[in-house]
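Enquirer: Coordinates for the following, if possible.
(chains A and B)
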Amino acid sequence: SQELEQSPQSLIVQEGKNLTINCTSSKTLYGLYWYKQKYGEGLIFLMMLQKGGEEKSHEKITAKLDEKKQQSSLHITASQPSHAGIYLCGAHVTGGTSYGKLTFGQGTILTVHP
Amino acid sequence: DSGVTQTPKHLITATGQRVTLRCSPRSGDLSVYWYQQSLDQGLQFLIQYYNGEERAKGNILERFSAQQFPDLHSELNLSSLELGDSALYFCASSEGQGLDTEAFFGQGTRLTVV
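Expert: From the prediction side, this is the model:
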């Protein structure tokens, strides 16, 4: 079973619509990272959240980490075709200091129709 | 461009063979991480090096090995290749080794074992 569960697995929206992707763990998350990937390409860093209740925004993308640090959401406002891709959340779920044990969710495939 | 360089971009080889994947981290980054991404397994952490020393190990097979050299570039060696080893292999680098530094990913090496 996945330590990080992302939902939905895929999402198709019309351009201009808002959308939310969730990332959930049964364990405490020590650092939560959101990446975007275009199929077959490398991961692009979006945001990093560390504190419970933290919220960060970049352009039209907002990410939040809940107070219990077990769930994060990524919200896109007024989606555009350029937002299409695979969104991956990553987190160090078991504690410790090694960034290398970063575990990833299965990803959410976002399609935005013009 | 993330600043992380992976070579080669594509590799096709036969079962039983041995290949070496190379990663040059961003200038100044001391940590290098290797990941394997396949359709059924998602993004799996393999191993992390920091300043030449192994720091963390994930689900890396005994047939696979890696090292980080004094100039900080890293190589991932895959031997006795099997069809199931076909995947995208990513390298990432970060300045530190903890949770407070973001990791930048290369474009990946697509390995096809035939």
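
Enquirer: and the spatially most central residue of chain B, bridged to which residues?
Expert: Centroid-nearest residue in chain B: B:W34, 3.1 Å away (criterion: C-alpha atoms, centre = their mean). B:W34 has the following beta-bridge partners by DSSP bridges: B:I47, B:C91.

Enquirer: Pull the contacting residues for it.
Expert: Going by C-beta atoms under 8 Å, 6 or more residues apart in numbering or on different chains, B:W34 touches B:23, B:45-48, B:60, B:66, B:74, B:76, B:89-91. (C-beta placed from N, C-alpha, C; glycine too.)

Enquirer: Could you rerun that using 6 Å?
Expert: Shown in contact with B:W34 (C-beta atoms under 6 Å, 6 or more residues apart in numbering or on different chains): B:46-47, B:66, B:76, B:91.

Enquirer: Tell me the one of those nearest chain A?
Expert: Nearest to chain A out of these is B:I47 (C-beta to the nearest C-beta; 7.3 Å).

Enquirer: Can you give me the buried ones in stretch B:14-23?
Expert: Within stretch B:14-23, the residues scored as buried using 16 or more other C-beta atoms under 10 Å in any protein chain shown are B:19, B:21, B:23.

Enquirer: Let me fix that, I meant to ask about stretch A:8-18.
Expert: In stretch A:8-18, counting by 16+ other C-beta under 10 Å, buried: A:11, A:13.

Enquirer: chain center to it, what's the gap?
Expert: In terms of C-alpha atoms, centre = their mean, to the nearest Å, the centre of stretch A:8-18 is found 14 Å from the chain centre.

Enquirer: and that stretch, average pLDDT?
Expert: Stretch A:8-18 shows a mean pLDDT of 97 in the predicted model.

Enquirer: and it, how far apart are its ends?
Expert: This stretch, stretch A:8-18, spans 14 Å end to end (C-alpha to C-alpha, to the nearest Å).

Enquirer: One more: stretch A:16-28?
Expert: In stretch A:16-28, first residue to last residue: 34 Å (C-alpha to C-alpha).

Enquirer: can you list the residues that contact it?
Expert: With contact meaning C-beta under 6 Å, 6+ apart, stretch A:16-28 is reached by A:4-7, A:11, A:13, A:69-79, A:87, A:89, A:93, A:105, A:108.
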